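*Asks:* sequence and predicted structure are below.
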Amino acid sequence: MKVTRRSLLPAAAAVAFQTRKPHVAVVGAGAFGGWTALHLLRLGARVTLVDAWGPGNSRASSGGETRIIRAVYADRIYVQMTVRALQLWRDNEARWNQRLYRRTGFLRMVTKDDSILRKAAPLMREAGVAFEELTPAEARKRYPQINFEGVSGILLEKEAGFLTARRNCEAVVTAFRQEGGEYREIEARPGPIQAKEMRGLALGDGSRLAADRYVFACGPWMGKLFPEVIGARISPHRKEVYFFGVPAGEARFSEDRFPAWGDLEQHYYGVPGNERRGFKVGEDAQDVPFDPTSGDRTPSPGRLEAARAYLGFRFPALRGAPLVEARVCQYENTPDRHLIIDRHPLADNVWLAGGGSGHGYKMGPAVGERMAELVLGKRSPDAFLSLSRFSK
């Protein structure tokens with residue numbers, strides 16, 4: 001992937017950036033915004049990070065207990081970004097002496113369409129990702145806990161695992177503050193755009209926040225904040241996550257003996273018992289529109305029963321397992337399920353990062369690094385992640 005290192009800022013702004021420390025305001029302290037703020041700070045900017053409810057809050061797409069990190073993608077850019085993100089997760093884990101990532105491996109199962117595995121495998125080899133392709137017989141021997149009925153293709157990614165989601169968002173913001181960044185917990189809205197520049201942020205207390213440049217990483221709220229530029233190109237959809245209790249003394253589903261997994265043709269994925277919270281089953285179907293601010297987050301009985309039926313089929317030892325916890329969250333989907341990392345088309349000093357589409361969290365450190373370099377003129381936008389792709 002070619003990166004242009006010359007300055008990409010307008011001439012006047014480039015001169016200003018060279019003569020003083022630029023001030024960048026980042027709106028949103030989730031996986032994209034928090035890491036963007038931290039990378040900007042480490043690259044020498046003065047940074048103010050703003051969030052309405054705080055890092056990893058219950059309304060955010062970056063909240064909840066866990067997120068899978070895996071590199072099984074059919075797009076080279078995502079394989080590369082995941083590899084880079086895992087390196088950054090590990091680097092900062094050591095730097096902060098805090099556990100952020102759990103290596104369990106990731107088991108990707110397919111039942112009918114194995115194109116994802118056929119496309120991903122060469123890209124993963126190219127990127128140096130360690131994995132095995134297993135036959136159903138080999139998989140049954142290794143993981144007798146799983147009923148592989150109907151499964152035709154299986155890939156085990158060895159260095160994959162899961163991340164502790166809301167906790168890691170808070171860890172990033174804590175590090176950001178300790179390293180000299182300013183964090184404010186307050187609502188922020190885009191200010192007016194004049195002469196191709198945004199003129200400050202409107203804050204919830206009636207005041208304004210002025211900066212040289214602005215990054216908006218507002219997850220499911222992006223469409224409402226930028227109706228003309230984003231609008232329905234990012235749309236929140238309701239998802240449900242369930243934690244089922246394993247039998248007493250049952251260790252076969254613990255994180256040291258069982259991988260994170262994805263059975264996405266059947267619309268489910270999961271994580272083994274993170275900190276004894278239960279066996280996580282997340283749904284990946286039914287794109288039901290959802291309001292992240294005021295939407296009710298009570299799990300729906302019908303969807304819970306469907307998850308129970310799947311659990312009992314694919315993991316027979318957990319048939320009839322009690323529900324010990326449940327969450328309602330959301331994806332903020334783009335039409336093509338790809339991220340948006342681009343400059344605002346009407347404001348040269350505004351950048352937008354969003355459209356996680358259910359797979360953005362793991363890439364947070366790499367997204368933040370990329371965005372920081374874009375904002376400071378050290379990288380050019382990638383067409384694959386641009387807003388302009390929607391107008392073609």
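*Replies:* Sure, I can see it.
*Asks:* in the stretch 201-350 of the chain, where is pLDDT below threshold?
*Replies:* Counting by pLDDT under 70, the stretch 201-350 of the chain contains no low-confidence residues.
*Asks:* so where do the helices sit in it?
*Replies:* 222-225, 301-314 (DSSP state H, counting those that start in this stretch).
*Asks:* what are the buried residues along the longest one?
*Replies:* Of the residues in helix 301-314, 303, 304, 306, 307, 308, 310, 311, 312, 314 count as buried by neighbour count, 16 or more other C-beta atoms under 10 Å. Any C-beta I mention is one placed from the backbone N, CA and C, and that applies to glycine too.
*Asks:* thinking again about what came up before, let's have the helices of the stretch 201-350 of the chain in JSON lines, adding distance to residue 258.
*Replies:* Converted to JSON lines, those look like this (distance: least, C-beta to C-beta, whole Å):
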{"stretch": "helix 222-225", "distance to residue 258": "36"}
{"stretch": "helix 301-314", "distance to residue 258": "13"}
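*Asks:* residue 368 is nearest to which of those?
*Replies:* Nearest to residue 368 among the helices of the stretch 201-350 of the chain is helix 222-225 (16.4 Å), distances taken as C-beta to C-beta.
*Asks:* which helices and strands does the closest one pack with?
*Replies:* Judged by 3 or more C-beta pairs under 8 Å, 6 or more residues apart in numbering; DSSP states H and E, helix 222-225 has no packing partners among the helices and strands.
*Asks:* what's it in contact with?
*Replies:* 189-190, 216, 218, 230-236, 332, 352, 354-355 (C-beta atoms under 8 Å, 6 or more residues apart in numbering).
*Asks:* among those, which one sits closest to residue 390?
*Replies:* residue 233 (5.7 Å).
*Asks:* that closest one touches residue 340, doesn't it?
*Replies:* Yes. At 7.3 Å, residue 233 and residue 340 qualify as touching, with contact defined as C-beta atoms under 8 Å.
*Asks:* those two: which is more packed in?
*Replies:* residue 340 (23 against 19; other C-beta atoms under 10 Å).
*Asks:* follow-up on the earlier one: reformat the buried residues of helix 301-314 as CSV; add distance to residue 209.
*Replies:* What follows is the buried residues of helix 301-314, written out as CSV (distance: C-beta to C-beta, whole Å):
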residue, distance to residue 209
303, 40
304, 43
306, 45
307, 43
308, 48
310, 47
311, 47
312, 52
314, 49
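*Asks:* of all the residues you listed, which comes closest to residue 145?
*Replies:* residue 314 (9.5 Å).
*Asks:* list the contacts for the nearest residue to the closest one once chain neighbours are set aside?
*Replies:* Spatial nearest neighbour of residue 314, excluding adjacent residues (C-beta to C-beta, 6 or more residues apart in numbering): residue 147 at 5.5 Å. By C-beta under 8 Å, 6+ apart, the residues touching residue 147 are 313, 314, 315, 316.
*Asks:* tell me the SS of residue 50?
*Replies:* strand (DSSP: H, G, I helix; E, B strand; the rest coil).
*Asks:* quick one: contacts for it?
*Replies:* Contacts of residue 50 by C-beta under 8 Å, 6+ apart are 25-29, 183-186, 188, 201, 203, 209.
*Asks:* tell me the spacing between the closest residue to residue 357 other than its chain neighbours and residue 284.
*Replies:* Closest residue to residue 357 apart from its sequence neighbours, by C-beta to C-beta, 6+ apart: residue 337 at 4.3 Å. From residue 337 over to residue 284 the distance is 11 Å, taken as C-beta to C-beta, to the nearest Å.
*Asks:* cool, and residue 196?
*Replies:* Taking C-beta to C-beta, one finds residue 196 at 40 Å from residue 284.
*Asks:* residue 139 contacts residue 145, doesn't it?
*Replies:* No. Between residue 139 and residue 145 there is no contact under C-beta under 8 Å: 10.8 Å.
*Asks:* on that earlier part again, so for residue 196 and residue 284, which residue has more residues nearby?
*Replies:* residue 284 (17 against 13).
*Asks:* wait, that one sits on residue 239?
*Replies:* Yes. With contacts counted by C-beta under 8 Å, residue 284 reaches residue 239, the gap being 7.5 Å.
*Asks:* which neighbours do these two share?
*Replies:* Common neighbours of residue 284 and residue 239 (C-beta under 8 Å, 6+ apart) are residue 358.
*Asks:* tell me how the chain divides into domains.
*Replies:* Split into domains by automatic domain parsing, the chain comes to 11-61+166-234+336-391, 105-161+236-331.
*Asks:* list the contacts for the residue nearest to residue 357?
*Replies:* Residue 337 is in contact with 357, 358, 359, counting by C-beta under 8 Å, 6+ apart.
*Asks:* out of the contacts of residue 50, which are inside strands?
*Replies:* 25, 26, 27, 183, 184, 185, 188, 201, 203, 209 (DSSP state E).
*Asks:* where does the prediction get shaky in the stretch 51-200 of the chain?
*Replies:* In the stretch 51-200 of the chain (pLDDT under 70), no residue qualifies.
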